[in-house]
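> the following comprises the amino acid sequence and a computationally predicted model.
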Amino acid sequence: MTTDNRKDRKFSRRKFMKTAAAASGALLAGSAQGMWKPESKKRHKRPSNPDPDLLLVNGRIHTMDGGQRIVSSVAIKDGRFVEVGYSHRYHQGSGTRVIDLRGRTVVPGIIDNHNHIVLMGNRPGYHTPLENAYSIPDVQAIYAARAAGIPGGAWITTIGGFHSNHIYATADPTSGRLPTLAELDAAVLNNPAFMMISFSGPGATNTLGKSILESQGVVVAANGAIAGGFPVSECSKALLYLRQTLLTPAERRRSVIDAMNYAASVGVTTHLDQGAFQAINTASDGAAHEDNFKMHIPFLEVYGQGDGIVRLRINFLHMESDPNTPELVQRLKNAFPFFGDDMVRTGGIGEFIAQGTSVTSPFAAAAQRVAQAGWRAEVHSLGRRQTPTSNPADFELEIMGFEAANTAFPGIVRETRWVIAHVPGITQEWIDRLQAIGGNLSLTGWQYLAGSLPTSTVAPYAGPPFRMIVDSGNRPDGIHSGMSSDGMQIAPMNPWLHMYYATTGLNARRVLINPGQQITRQEVLSLYTSHNGWFLHEEDQLGTIEEGKLADLAVLNYDYFGVSDDDLKKIRSVLTVVDGEVVYNAGVLRWHGG
């Protein structure tokens, strides 16, 4: 959609949100309690005069535009950048907020082109990310702070997005482990606590949590450990109980606000959500399961109340084994791609378009149906070819399916920007084949948490091969790539952890597992900003700090380009702006006026 089309649009944001929310059910106000607070969830009343609404001055602002300009100031009005680098030209009216950045580094709002924030927003209990903990005392401090801001007796939960590998018990990075019952009790006594790694554990709990879970038939060890595993684990039994007990509509809305607030605190302002495995409400459901047909309702309700503070883009996941893919057929007939407004918009089909990718699966037929309907397709790849003569890897089958769909509907892959995500094992040959039809790659540092050094020389599996892919994109008509987190189950949302992995190749235990594939900080930040605006078909609106674009940015606590590798992992936003509004403020910067 062009800028002119957006300006001519008569279906306002407020009308869209109210319509969507009304279709979901009655709206009830949700309140957020906990660690992450936005500066204000409600829109700042903008002055009705020519003066800017917000001025940021005396900063080091990396625009990430085509010239890689670095400027000292920006002016914002009506949710857009109106002056970049020349804000002194603007009169500071009585309604203008002015923020002195005091030399801090500013970057465009981070765009995550592949994550699962909708799952994060539907977590039971007061979900508390631990991806930024580096020791047992860190976990204790985070949980104690969380308990201080919530009702006594309320569950504190951490479901996915972290790993024991980065929670060091001693200075030795190989000492990572989950906290014990006694260690959790030392931090939290009056709230039951539950944490679990990845899809189905293992996990841990405290004394109060142990008592409650054991009353529900969950086996908990004396030290608070809870076993994980597939298809059913003690952790997944505990998760089912918590979902069935805690997830009222009001609690889901509160959890949505918590998820948004956390995203703003790490500078992620736009999310392309990739759906969930369809829940069946049994203990076989893991952290990545939800009701794909209802999980967006609490988000739409929050946006409908005017409390949405980050941008959401929604892909529709389909994993049918029926060769006729009846659900996909109906979706393509009865839904609209890229429908909505600047805050909430639908996307494409993904990150699955069918169950499996083999020649016996419905994958090829599903790709044809998506192409015929003119939608974007996004799929994921976690595989590699084990030997030159072994069965094709998943990315090979996916690219062949894309090629067939593109032959039947010439140009569809390039025109609608089809994507393969993760690709830890992709090779140059297949990058070139995907590039030839206009396909694209979403790169994820998910191996940071639990990845290890590859034992095979056939293809790197601790990837993706960042260097190979970025170099391929630098060629004439090169492949387009962008950066994502794949949070919140097997990977963290925090983009700075993924940037650390992409630039160092080091995992959470500081072991080099992706050698020779490191890229520069400038390159990976571009993948998370300007490149991802293109991924969303919104390159004219998002991804860079340029006049006329939507005003999203993050003011950082450290200089991204100057800090050590270890401190790169500790970067956070001290002030986040979305649509020209301050949506997160850590209290480091103040403004005058307004």
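Arrived safely.
> and the residue nearest in space to the middle of the chain, how close does it get to Arg104?
For the chain, the residue nearest the mean C-alpha position is Asn115 (3.7 Å; C-alpha atoms, centre = their mean). In this view, Asn115 and Arg104 are 26 Å apart by C-beta to C-beta, to the nearest Å. Using the backbone N, CA and C atoms, a C-beta is placed for each residue, glycine as well.
> likewise Met295?
37 Å.
> now Val139
Counting by C-beta to C-beta, the gap from Val139 to Arg104 is 29 Å.
> so which of these two has more stuff around it?
Using other C-beta atoms under 10 Å as the criterion, Val139 and Arg104 rank with Val139 on top: 24 against 21.
> SS state for the more buried one?
Using DSSP: H, G, I helix; E, B strand; the rest coil, the structure places Val139 in helix.
> which residues sit in contact with it?
By C-beta atoms under 8 Å, 6 or more residues apart in numbering, the contact list for Val139 reads 130, 133, 167, 179, 183, 187.
> measure the fifth one to Thr207 for me?
Think Glu183. Counting by C-beta to C-beta, the gap from Glu183 to Thr207 is 11 Å.
> look at the two and report which has more neighbours.
Between Glu183 and Thr207, counted using other C-beta under 10 Å, the more crowded position is Glu183 (20 against 16).
> can you pull the contacts of the more buried one?
Glu183 makes contact with 136, 139-140, according to C-beta under 8 Å, 6+ apart.
> biggest helix in this protein by residues?
Longest helix of the chain, by residue count under DSSP state H: helix 249-265.
> that helix: what's the following helix or strand?
Next helix or strand after helix 249-265 toward the C-terminus (DSSP states H and E): strand 268-273.
> quick one: strands adjacent to that following strand?
strand 110-115 (parallel), strand 311-316 (parallel) (DSSP bridges).
> columns mean pLDDT and distance to Val577 on top of the ones you listed, output as TSV?
Putting the strands paired with strand 268-273 into TSV (pLDDT from 0 to 100; distance: least, C-beta to C-beta, whole Å) gives the following:
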stretch	mean pLDDT	distance to Val577
strand 110-115	98	12
strand 311-316	98	12
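> do you know which of these lies nearest Ala450?
With C-beta to C-beta as the criterion, Ala450 lies closest to strand 110-115 of these, at 17.7 Å.
> can you give me the helices for the stretch 301-450 of the chain?
326-334, 363-373, 394-408, 412-416, 428-436, 447-450 (DSSP state H, counting those that start in this stretch).
> ok, which of those helices comes nearest Leu382?
Among the helices of the stretch 301-450 of the chain, helix 394-408 comes nearest to Leu382, with 6.9 Å by C-beta to C-beta.
> can you dump the C-alpha coordinates of the closest one into PDB?
The C-alpha trace of helix 394-408 is given here as PDB (Å, rounded to 0.1, in the frame of the first residue of the first chain):
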ATOM      1  CA  ASP A 394      13.400 -29.500   4.400                       C
ATOM      2  CA  PHE A 395      14.600 -26.300   2.800                       C
ATOM      3  CA  GLU A 396      15.300 -28.100  -0.500                       C
ATOM      4  CA  LEU A 397      11.800 -29.500  -0.600                       C
ATOM      5  CA  GLU A 398      10.400 -26.100   0.300                       C
ATOM      6  CA  ILE A 399      12.300 -24.300  -2.400                       C
ATOM      7  CA  MET A 400      11.300 -27.000  -5.000                       C
ATOM      8  CA  GLY A 401       7.700 -26.400  -3.900                       C
ATOM      9  CA  PHE A 402       8.100 -22.600  -4.300                       C
ATOM     10  CA  GLU A 403       9.600 -23.100  -7.700                       C
ATOM     11  CA  ALA A 404       6.700 -25.200  -8.800                       C
ATOM     12  CA  ALA A 405       4.200 -22.600  -7.600                       C
ATOM     13  CA  ASN A 406       6.100 -19.900  -9.300                       C
ATOM     14  CA  THR A 407       6.100 -21.800 -12.600                       C
ATOM     15  CA  ALA A 408       2.300 -22.200 -12.300                       C
END
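> could you say what helices and strands it packs with?
Helix 394-408 sits against helix 363-373, strand 378-381, helix 412-416, strand 419-422, helix 428-436, with contacts defined as 3 or more C-beta pairs under 8 Å, 6 or more residues apart in numbering; DSSP states H and E.
> isn't Leu184 right up against Leu208?
No. In this structure, Leu184 is not within contact of Leu208 by C-beta atoms under 8 Å, at 9.3 Å.
> okay, and the common contacts of those two?
With C-beta under 8 Å, 6+ apart as the test, Leu184 and Leu208 both reach Ala193.
> between these two, who's got more neighbours?
Between Leu184 and Leu208, counted using other C-beta under 10 Å, the more crowded position is Leu184 (29 against 19).
> where does that one land in three-state SS?
On the basis of three-state DSSP, Leu184 is classed as helix.
> tell me the contacts of it?
Shown in contact with Leu184 (C-beta under 8 Å, 6+ apart): 140, 143, 193, 204-206, 209, 224.
> cool, Tyr501 as well?
Contact partners of Tyr501, counting by C-beta under 8 Å, 6+ apart, are 445, 447-448, 507, 514.
> and those residues, which is closest to Ser390?
Using C-beta to C-beta, Gln447 is the member of the contacts of Tyr501 that sits closest to Ser390, with 21.2 Å.
> identify the residue spatially nearest to the closest one, adjacent ones excluded.
Ala462 (4.9 Å; C-beta to C-beta, 6 or more residues apart in numbering).
> tally of neighbours for Phe316?
Neighbours of Phe316 (other C-beta under 10 Å): 26.
> same thing with Glu327?
By other C-beta under 10 Å, the residues close to Glu327 number 16.
> what's the answer for Pro137, then?
By the criterion of other C-beta under 10 Å, Pro137 has 16 neighbours.
> help me confirm that Arg467 is found in a helix?
Yes. Looking at Arg467 with three-state DSSP, it is inside a helix.
> measure it to Ser452 for me?
Where Ser452 is concerned, Arg467 sits at a distance of 19 Å (C-beta to C-beta).
> give me the more crowded residue out of those two.
Remark: of Arg467 and Ser452, Arg467 carries more neighbours, 18 against 13, as counted by other C-beta under 10 Å.
> the more buried one is in contact with Thr520, isn't it?
No. The pair Arg467 / Thr520 is not scored as a contact, 9.8 Å apart, by C-beta under 8 Å.
> please consider this matter closed, and thank you.
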